[in-house]
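1. everything below, folded, please.
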Amino acid sequence: MSRRLMSLLFLAAALSPAWVAAQAMPLVELAAGMYRIEAEVAATQGHRMRGLMQRKAMAPQRGMLFVFDGPTTQCMWMRNTLLPLAVAFLDEQGRIINVEEMLPQTENSHCAVKPAKYALEMNGGWFKARGFGAGTPIAGIDKAPPAH
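-> A predicted model of the protein is given here:
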């Protein structure tokens, strides 16, 4: 192997952790009733597009909060998503508008019934198992970074 190729491979390996760190989404702590949620925040277009794609598992207290520019009709789908998920669409104050259950690797649209500012994805059945539906407040939304 040439020195140049070895140097390039070393450089790629050295930069890889930095690249991975730059791709990481920030975390925000939310709460639904007595339940604590550790939510990755998808506040950029790239992070919102990637979402939870290709993940094979997610801890029960983990989720992903999608932050949008403003309250508008929002829809989600499950292309390349391997986990069954439930999505709660939230208004600007963090109250649940509606919850949709989503099957893995499908392209059906799951939409908010009213304009939503946020969407919170959790493992499938999470909201239903805890009795959370329309009107339930999700605390901590104000700590999420703005969409950009």
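2. can you verify my assumption that residue 67 contacts residue 118?
-> Yes - look at residue 67 against residue 118 with C-beta atoms under 8 Å: they come within range, at 6.0 Å. (C-beta placed from N, C-alpha, C; glycine too.)
3. give me the common contacts of the two.
-> residue 144 (C-beta atoms under 8 Å, 6 or more residues apart in numbering).
4. okay, these two: which has more neighbours?
-> residue 118 (27 against 21; other C-beta atoms under 10 Å).
5. which SSE is that one in?
-> strand 116-123 (DSSP states H and E).
6. strands paired with that strand, and their directions?
-> strand 62-72 (antiparallel), strand 85-90 (antiparallel) (DSSP bridges).
7. list of residues touching the last one?
-> Here strand 85-90 makes contact (C-beta under 8 Å, 6+ apart) with 52, 74, 76, 78, 96-102, 104, 110-114, 116-128, 132, 136, 138, 141.
8. in strands, which of the residues you listed appear?
-> Those of the contacts of strand 85-90 mapping onto strands are 76, 96-102, 110-111, 116-123, per DSSP state E.
9. just the helices in the chain please.
-> Secondary structure of the chain (DSSP state H): helices at 3-23, 45-50, 126-129.
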